[in-house]
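# Turn this into a model:
(2 chains)
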Amino acid sequence: MIEIAARQSQLEQAVSKLTGLTLTILIFAALVAIAFTLAERTGERVQRFLKYVIFLAPALLFLFIGLVAPAFRTLYLSFRDARGEESVGLENYHWAFTQPEILDVLRNTGVWMIVAPIASTGFGLLIAVLTDRMRRPGLVKSLIFMPMAISFVGAGIIWKFVYQFEPNERAPEIGLLSQIAEWLGFVPTNWLLVNPLNTFLLIVVFVWIQTGFAMVVLSAAIKAIPDEILEASMLDGASGWKRFSRVTVPMIRGTIIVVLSTITIGALKVFDIIRTMTGGNFKTSVIANEMYNQSFRALNYGTGSALAIILFLGVLPLVAYNVVNLRRERSER
Amino acid sequence: MARKLRKRDIEVVKTHLSSPWASFTAILIATFWTIPTVGLFVTSFRPSTGINSSGWWTVLTNPEFTFTNYTRVLFEGRGATPPLSQYFLNTFAIVIPSTIIPITIAIFAAYAIAWFDFKGRNFLFFTIFALQVIPLQMSLIPLLQLFSGGLHIGSFTVIPSFGITGTFIPIWLAHTMFGLPLAIFLLHNFIAQLPRELIEAARVDGADHFKLFRQIILPLSVPAIASFAIFQFLWTWNDLLVALTFGGGKREIAPLMVRLAEMTGTRGGDWELLTAGAFVSILVPVAVFFALQRYFVRGLLAGSVKG
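Below you'll find the predicted structure:
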């Protein structure tokens, strides 16, 4: 009886959610349609002004409210206490750079920033080069690319199962890593508890996802190397390795840097993997995770904001580099 | 013709050079890459007793499969916790508006930045490009405060709170705001490359910007829109942070990812439910991804660094 009632209320909820969803989209579409119909009926002079209001203003408003203004407010909050009520000077930053737990967090983030991009780009480049010489690379590429569609949460579960450890010595291992360790004659352990190994095991998950990205972008860059250059190096009798290190890599240097910097930014902000796999325990936490904990668990907006600012400062050089790059590209065009 | 021949020659040389070792290594790596996912997939169809007493690779010698895990995780709630099908629905309710709204707003802005002549156009473009990479952590606290309390200067209310906390609206808005920079950047790159003659001819024919946009720009931009739509779809479907922060901890609106993250924390040992649940959450994005891989790759190559 209760079960039927529960089902019924679930069904009702589902219907009301779908109605809400449909209505929202209809209202949004209607707003756009009305704005356009009205705008098209106005004279040219009104339109000269109106076009900015309709085309540009909504985006600017959203960007300002959602990104620009909050960034300044976060900066402001980072100098204030937990509730944002009183100024505390640099205390939150002092806290971040002296607390042993937070120092661990910063160190872990550093490890992520260095290991994850290099490993992902390295694997990506390797696979790109290998598949470039394959006759039918489609399936191989798709398989390596597929994790990109999988969420960090889903990937976290997939790999947590790989790392699963059976404490009962008599019971068989169900985690692949533990089983492989056993086959090789090692004694498996609770992998995710072992520091600093656990941080690297989490990085594996990230690399597993990002390698596909690196591979696709690098593979396209390799394809774009003019045939003449490859041909010339072949005629010169350059060996496979020489051709790779003296021709391929220098030719795609720009792309490699873009890929590295993109993945570095991603690694800096990694959150979901940590959250799903260790919850930031066992000394695996990183800035993005700690920022969430401080802000929304400990409800300390001061320290949370300070961590967000530190994260931002980590990204800043990469942003600057990208902007300079884009400038150059645009002026060359 | 000569060019063609040479290209074929190169192909011949290339194939000649393609050592079987390269292919073999590539296939080996691809296999390793896929094994963890296969493990999840196989496990999700095994009875729970089997999962906990033997490795999933033993199905080769001892096959035993069931759908129970799926029916349990999808349709059986536990106490106050609804079954996964409800969260699945919530994910849809979040993803669809969070994809449609930013694309619409972004394509307007992309058109304006590409084809309107105004002061500060370049500055605006570079600002938006830079905003792409700013970590969204920078916005979480202020936005949450805004959504729950509105904006006040002294006792003067600039923006009221609207009482939207606990609905889907803050999540939609947050996804829209965070998705806009990449959307504008990608769409702008595309729209700016449309031939100038086309736009000018239409203007001479008396089409105003609104008509021009509706009749020419929009239809031509479909591939770019598709590209970004896939990004935003995957991003919002797979998102945990935004939903966790702006969902206010309410089960009624929490998406799949929030529930799955919660399940791994509290029920880390229930592999039969976790694997089935994870597979359900993976299925839709992977299907979309394979169906539209071409557009996705095009978007990636157009230079994207999401913030």
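# Now the stretch 51-200 of chain A against chain B: closest residue?
Closest contact between the stretch 51-200 of chain A and chain B, by CB to the nearest CB, is at A:G66 (2.6 Å). Just so you know, the C-beta spots here come from the backbone N, C-alpha and C atoms, and that holds for glycine as well.
# give me every residue that touches that residue.
By CB atoms under 8 Å, 6 or more residues apart in numbering or on different chains, A:G66 lies in contact with B:139, B:143, B:173-174, B:176-178, B:180.
# Likewise for A:A220?
A:A220 sits next to B:297, B:301 when contact means CB under 8 Å, 6+ apart.
# Need the per-residue pLDDT for it.
A:A220 is assigned 91 on the pLDDT scale.
# still on that earlier bit, mind checking which of the contacts of A:G66 land in strands?
Of the contacts of A:G66, none are assigned to strands by DSSP state E.
# For the residues you listed, name the two members farthest from one another.
Farthest-apart pair in the contacts of A:G66 is B:L143 and B:L180; separation 13.5 Å (CB to CB).
# what's the nearest residue to the closest residue to chain A within chain B if we skip its chain neighbours?
Nearest residue of chain B to chain A: B:M177, at 2.6 Å (CB to the nearest CB). Once flanking residues are discounted, B:M177 sits nearest to A:G66: 2.6 Å by CB to CB, 6 or more residues apart in numbering or on different chains.
# Can you give me the distance of that neighbour to B:T91?
Between A:G66 and B:T91 the distance, using CB to CB, to the nearest Å, works out to 22 Å.
# quick one: the helices in the stretch 51-200 of chain A?
Using DSSP state H, counting those that start in this stretch, the helices of the stretch 51-200 of chain A run over A:57-63, A:69-77, A:91-98, A:100-132, A:138-145, A:152-162, A:176-183, A:197-223.
# Stretch A:89-106 and chain B, are they touching?
No - legend: contact between stretch A:89-106 and chain B by CB under 8 Å from any CB of the partner chain is lacking; minimum distance shown is 12.6 Å.
# would you put the C-alpha positions of that stretch in CSV?
The C-alpha trace of stretch A:89-106 is given here as CSV (Å, rounded to 0.1, in the frame of the first residue of the first chain):
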residue,chain,number,x,y,z
GLY,A,89,43.6,41.5,6.8
LEU,A,90,45.8,38.8,5.4
GLU,A,91,44.9,36.3,8.1
ASN,A,92,43.1,33.9,5.7
TYR,A,93,46.2,33.7,3.5
HIS,A,94,48.4,33.4,6.5
TRP,A,95,46.2,30.4,7.5
ALA,A,96,46.5,28.9,4.1
PHE,A,97,50.2,29.0,4.0
THR,A,98,50.9,27.8,7.5
GLN,A,99,48.3,25.2,8.4
PRO,A,100,49.9,21.8,7.9
GLU,A,101,46.7,20.3,6.3
ILE,A,102,46.5,23.1,3.8
LEU,A,103,50.2,22.9,3.0
ASP,A,104,49.5,19.3,2.1
VAL,A,105,46.6,20.5,-0.1
LEU,A,106,48.9,23.0,-1.9
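# tell me, how many neighbours does A:R7 end up with?
13 (other CB atoms under 10 Å in any protein chain shown).
# hang on, it is in a strand, isn't it?
No - assessed with DSSP: H, G, I helix; E, B strand; the rest coil, A:R7 is helix; it does not lie in a strand.
# Tell me how far it lies from B:G77.
From A:R7 to B:G77 the distance is 9 Å (CB to CB).
# Next: B:T264.
Using CB to CB, which is the criterion applied here, B:T264 is 18 Å from B:G77.
# between those two, which one's more packed in?
Shown here are B:T264 and B:G77; by other CB under 10 Å, B:T264 has more neighbours (22 against 16).
# Skip the chain neighbours and tell me the closest residue to the more buried one.
A:T276 (5.0 Å).
# And for A:I209?
A:P147 (4.6 Å).
# Tell me who's in contact with the one you found.
A:P147 makes contacts with A:155, A:208-209, A:211-212, B:33, B:37, as judged by CB under 8 Å, 6+ apart.
# What residues of the helix or strand where A:I256 lies count as buried?
Assigned by DSSP states H and E, A:I256 belongs to helix A:253-268. Using 16 or more other CB atoms under 10 Å in any protein chain shown as the test for burial, helix A:253-268 gives A:255-256, A:258-268.
# Go back to the residues you listed and keep what's next to chain B.
A:258, A:261-262, A:265, A:268.
# any idea which of these is the one closest to chain B?
The nearest one, if we look at these relative to chain B and count by CB to the nearest CB, is A:T262, at 4.7 Å.
# low-confidence ranges in chain A?
Within chain A, the stretches with pLDDT under 70 are A:1-3, A:333.
# residue farthest from the centroid of it?
The centre of chain A is farthest from one residue, A:G43, which by CA atoms, centre = their mean lies 46.8 Å away.
# Chain neighbours aside, what residue packs nearest to A:I263?
Spatially, and ignoring its direct neighbours in sequence, A:I263 is nearest to A:P117 (4.1 Å; CB to CB, 6+ apart).
# ok, the one you found to A:T255 distance?
For A:P117, the distance to A:T255 - CB to CB - is 14 Å.
# got the CA positions of the helix or strand containing B:F123 in CSV?
In this assignment (DSSP H and E), B:F123 forms part of helix B:121-131. Output in CSV follows, covering the C-alpha atoms of helix B:121-131 (Å, rounded to 0.1, in the frame of the first residue of the first chain):
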residue,chain,number,x,y,z
ARG,B,121,34.9,45.4,-29.4
ASN,B,122,38.3,43.8,-29.3
PHE,B,123,38.7,44.4,-25.6
LEU,B,124,35.4,42.7,-25.0
PHE,B,125,36.4,39.7,-27.1
PHE,B,126,39.6,39.2,-25.2
THR,B,127,37.9,39.7,-21.8
ILE,B,128,35.4,36.9,-22.7
PHE,B,129,38.3,34.7,-23.9
ALA,B,130,40.1,35.2,-20.6
LEU,B,131,36.9,34.6,-18.6
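# Point out the other helices and strands that it packs with.
Under the contact criterion of 3 or more CB pairs under 8 Å, 6 or more residues apart in numbering or on different chains; DSSP states H and E, helix B:121-131 touches helix A:301-332, helix B:84-115, helix B:169-191.
# burial of A:W241, as a residue count?
8.
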